[in-house]
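Q: no sequence for this one, just the structure:
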């Protein structure tokens with residue numbers, strides 16, 4: 001009989017030694033996602049996971065506050081499935097007992113070829129948090145995607161168990177404790193994702209304050225600068241310093257600063273060479289240089305420059321503090337065509353699973369919103385299209401390689417025993433037993449072959465990355481921003497409506513379905529779009545509200561706007577809105593002082609705002625967020641692709 005404690009120790013060998021990932025800036029103290037203790041404060045999540053599996057499994061349950069997964073400190077994400085597993089109490093339970101606990105099972109009577117049969121249907125297990133809980137009275141459910149990503153269980157389209165820890169334990173009659181299940185949940189690769197941020201980490205208001213002082217000095221001396229091209233160039237360089245600092249672009253900001261400094265030095269030299277030097281002018285030039293020096297000092301060397309702020313097809317200009325965050329799994333993924341792979345966007349990061357791009361905008365009453373421009377997974381987008389819903393979580397074409405050592409060991413033992421039993425059956429001439437054992441041996445060998453076969457050219461297997469579906473990584477990105485907004489005292493998280501931004505790429509039904517409209521509706525302006533639906537569910541779970549709000553095209557406190565318009569995108573002829581012409585209005589930039597070519601727009605002007613769907617941020621959102629979307633079934637929901 002396999003000893004589960006020893007096998008759990010062996011799982012750690014899958015976590016190969018790789019370069020230690022940088023801690024997530026979003027947590028404040030680094031990614032405390034697996035095990036946290038003061039002496040472990042500087043360890044990465046992957047190193048903590050490796051340390052944890054080398055510790056013998058114990059019977060005691062680590063029952064802690066909601067979503068903390070046995071930890072005393074607040075990780076960014078947690079699992080309600082872990083909370084529910086701990087409800088099993090002390091002791092060990094059979095895999096079938098665990099299946100009944102983690103899923104909802106019912107019998108359905110039906111007819112096949114006119115004959116009555118009974119079919120077992122597995123559906124999501126829904127449960128309600130108890131009194132005294134942070135989420136008392138709130139309903140949560142077990143997602144099949146989480147069971148797959150943790151490698152607890154794989155299911156076919158009929159709800160039959162086809163792989164994972166529970167399947168292996170069932171074959172060998174093993175019983176599992178709540179902490180065995182909890183350890184598997186904590187080792188979920190989703191819990192080891194690392195966030196990398198691009199864009200400013202400073203308060204943009206400080207840069208803006210210095211910029212305004214510097215601009216006022218330049219405006220004072222402008223009448224004395226007779227070379228108009230030079231004056232215009234100084235104005236452009238000054239604005240470029242501000243913009244490039246906020247983008248985090250060190251080379252561009254430094255070049256603009258150097259060019260401005262060169263003009264100041266030349267003007268000062270010419271002024272001093274005059275028979276009667278204008279000392280006031282020279283003093284103002286020195287002041288201008290000093291202000292520019294103060295502004296360039298705000299450029300932080302550890303800030304990664306944003307990459308797609310100027311991509312007008314994907315970004316709505318005019319917002320403040322534009323940022324990009326990439327979520328990656330910076331460790332080799334066994335069995336993938338490339339264990340460490342780079343994708344088109346953010347190709348400087350290995351195994352970048354998905355990214356979110358967003359900026360800060362304002363409501364008419366002065367509240368702030370983090371506004372999502374795009375959520376995209378270069379890793380999973382094509383894989384999700386290639387696999388049917390039945391194949392996504394069955395464990396044959398898409399195989400989760402993490403925590404597979406337990407399954408490999410058990411399958412190898414099973415194959416050895418089947419070969420011995422088959423040899424005995426041949427000697428006794430038991431044809432019925434030979435047939436049964438041969439079928440079992442072929443099935444076991446196929447599973448082992450799948451585990452050892454890598455994805456890639458000539459293989460029917462797909463690469464594995466966690467969070468396959470768009471609504472899964474969309475939910476992760478939303479909750480990441482809800483947590484960030486709560487920590488930054490931002491009032492809302494909103495999503496750019498399809499008709500305001502995403503139609504710029506040309507009509508794509510997938511974008512219409514995912515981002516939706518300000519009303520929350522989806523494809524063909526009907527039904528419910530993915531991101532608004534996720535916001536509504538999070539609002540119910542967090543005692544918040546979700547719905548349309550008005551947000552600004554640009555900062556209302558900068559009344560001089562560089563306004564752009566175009567009307568060149570239309571819906572396809574098959575769409576109900578085919579005759580509606582899309583008029584695109586945006587603010588290329590906004591200023592506190594009047595600039596040539598700008599238009600004054602008061603903060604109360606209704607044309608300054610547009611509608612977007614949003615969730616209201618609550619202070620409690622700064623604490624651990626629940627992983628995986630609320631809905632997600634084994635048959636009824638998960639195997640229906642929209």
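A: In hand now; what should we look at? No experiment lies behind these values; they were computed from the predicted model shown.

Q: assess the claim that residue 495 and residue 515 are in contact.
A: Yes. Using CB atoms under 8 Å as the test, residue 495 is close enough to residue 515 to be in contact (5.7 Å). Yep, even glycine has a C-beta here, placed from its N, CA and C like the rest.

Q: the two: which is more packed in?
A: Remark: of residue 495 and residue 515, residue 495 carries more neighbours, 33 against 28, as counted by other CB atoms under 10 Å.

Q: show the contacting residues for that one.
A: 371-372, 515-516, 531-532, 535, 612-614 (CB atoms under 8 Å, 6 or more residues apart in numbering).

Q: can you tell me the SS state at residue 253?
A: helix (DSSP: H, G, I helix; E, B strand; the rest coil).

Q: list the contacts for the nearest residue to residue 139 once chain neighbours are set aside?
A: Nearest residue to residue 139, sequence neighbours excluded (CB to CB, 6 or more residues apart in numbering): residue 128, at 5.2 Å. Residue 128 makes contacts with 137-140, as judged by CB under 8 Å, 6+ apart.

Q: would you say residue 390 is within a strand?
A: No. Residue 390 is assigned helix when assessed by three-state DSSP, not a strand.

Q: these two touch, right, it and residue 156?
A: Yes. Look at residue 390 against residue 156 with CB under 8 Å: they come within range, at 7.2 Å.

Q: helix/strand/coil for residue 374?
A: Residue 374 is classified as strand under three-state DSSP.

Q: ugh, wrong one, I meant residue 195
A: Applying three-state DSSP: residue 195 is strand.

Q: pretty sure it contacts residue 480?
A: Yes. With contact defined as CB under 8 Å, residue 195 reaches residue 480; the gap is 7.0 Å.

Q: returning to that earlier point: so how far is residue 78 from the residue nearest to residue 139?
A: To residue 78, residue 128 is 17 Å away according to CB to CB, to the nearest Å.

Q: and if you look at residue 250?
A: Counting by CB to CB - residue 250 and residue 78 are separated by 36 Å.

Q: neighbour-wise, which of those two wins?
A: Taking other CB under 10 Å, residue 250 and residue 78 do not tie; residue 78 has more neighbours (26 against 17).

Q: count of neighbours near the nearest residue to that one once chain neighbours are set aside?
A: Closest residue to residue 78 apart from its sequence neighbours, by CB to CB, 6+ apart: residue 67 at 2.8 Å. Neighbour count of residue 67, defined by other CB under 10 Å: 22.

Q: and residue 67, helix, strand or coil?
A: coil.

Q: I figured it hits residue 80, correct?
A: Yes. Counting by CB under 8 Å, residue 67 touches residue 80, with 6.6 Å between them.

Q: common neighbours of the two, please.
A: What both residue 67 and residue 80 touch, as defined by CB under 8 Å, 6+ apart, is the set residue 626.

Q: remind me which residues of the stretch 501-642 of the chain are low pLDDT?
A: 629-642 (pLDDT under 70).

Q: now do the helices in it.
A: 509-515, 530-541 (DSSP state H, counting those that start in this stretch).

Q: so what touches the longest one?
A: Read that as helix 530-541. So helix 530-541 is contacted by 135, 138, 140, 372, 375, 470-471, 474-475, 478-479, 482, 493, 495, 513-516, 520-522, 544-546, 613-616, 626, 629-631 (CB under 8 Å, 6+ apart).

Q: for stretch 506-515, same thing?
A: The contact list for stretch 506-515, computed with CB under 8 Å, 6+ apart, reads 375, 470, 474, 495-498, 501-503, 505, 522-524, 529-531, 569, 571-572, 575, 642.

Q: so how far is residue 582 from the residue nearest the centre of the chain?
A: For the chain, the residue nearest the mean C-alpha position is residue 477 (3.5 Å; CA atoms, centre = their mean). From residue 477 across to residue 582, the span is 26 Å (CB to CB).

Q: most remote residue from the middle of this protein, which is it?
A: The chain, farthest from centre, CA atoms, centre = their mean: residue 275 at 64.8 Å.

Q: can you give me the strands in the stretch 151-300 of the chain?
A: 154-155, 161-163, 176-177, 194-198 (DSSP state E, counting those that start in this stretch).

Q: neighbours of the closest residue to residue 134 other than its chain neighbours, how many?
A: Using CB to CB, 6+ apart and skipping residues adjacent in sequence, the residue nearest residue 134 is residue 66, 4.7 Å away. Neighbouring residues of residue 66 were enumerated by other CB under 10 Å; the total is 20.

Q: same question for residue 191.
A: 25.

Q: wait, it sits on residue 76?
A: No. In this structure residue 191 lies outside contact range of residue 76 using CB under 8 Å: 9.4 Å.

Q: my guess is residue 591 contacts residue 598, does it?
A: Yes. Assessed by CB under 8 Å, residue 591 is found in contact with residue 598 at 6.2 Å.

Q: setting aside sequence neighbours, what's the nearest residue to residue 372?
A: residue 495 (4.5 Å).

Q: look up the residues forming beta bridges with that neighbour.
A: Residue 495 has these beta-bridge partners by DSSP bridges: residue 372, residue 613.

Q: where does this protein dip in pLDDT?
A: 1-60, 200-205, 247-248, 300-302, 404-413, 444, 447-459, 629-642.

Q: run a quick neighbour tally on residue 393.
A: Residue 393 has 27 nearby residues by other CB under 10 Å.

Q: that one: what's its closest spatial neighbour, skipping adjacent residues?
A: Residue 393's closest residue in space is residue 148 (CB to CB, 6+ apart), at 4.5 Å.

Q: did I read that right, that neighbour in a helix?
A: Yes. Residue 148 forms part of a helix when assessed by three-state DSSP.

Q: in this structure it contacts residue 395, no?
A: Yes. Taking contacts as CB under 8 Å, residue 148 lies within contact range of residue 395: 7.4 Å.

Q: what do those two both touch?
A: Contacts common to residue 148 and residue 395, judged by CB under 8 Å, 6+ apart, are 154, 164.

Q: start and end of stretch 268-276, how far apart?
A: 13 Å (CA to CA, to the nearest Å).

Q: closest one to residue 359 among the helices of the stretch 501-642 of the chain?
A: When the helices of the stretch 501-642 of the chain are compared by CB to CB, helix 509-515 sits nearest residue 359, at 15.4 Å.

Q: how about residue 216: what's its closest non-neighbour residue?
A: residue 593 (7.3 Å).

Q: tell me who's in contact with the one you found.
A: 212, 215-216, 219, 560.

Q: for residue 372, give me its contacts.
A: Per CB under 8 Å, 6+ apart, neighbours of residue 372: 356-358, 477-478, 481, 493-496, 531.

Q: nearest to residue 228, of these?
A: residue 357 (37.9 Å).

Q: give me the neighbour count for the closest one.
A: 27.

Q: right, and the helices of the stretch 501-642 of the chain - which one's nearest residue 124?
A: helix 530-541 (13.4 Å).

Q: how about residue 571, what does it touch?
A: 503, 507, 577-578, 580, 582.

Q: in strands, which of those fall?
A: Mapping the contacts of residue 571 onto strands (DSSP state E) picks out residue 582.

Q: of the contacts of residue 571, which is the most crowded?
A: residue 503 (21 neighbours).

Q: nearest residue to that one in space, please, no chain neighbours.
A: Nearest to residue 503 is residue 569, by CB to CB, 6+ apart, at 5.2 Å.

Q: and for residue 277?
A: Residue 277's closest residue in space is residue 271 (CB to CB, 6+ apart), at 5.7 Å.

Q: distance-wise, check that neighbour relative to residue 346.
A: Residue 271 is 48 Å from residue 346, by CB to CB.

Q: more neighbours, the two?
A: residue 346 (20 against 17).
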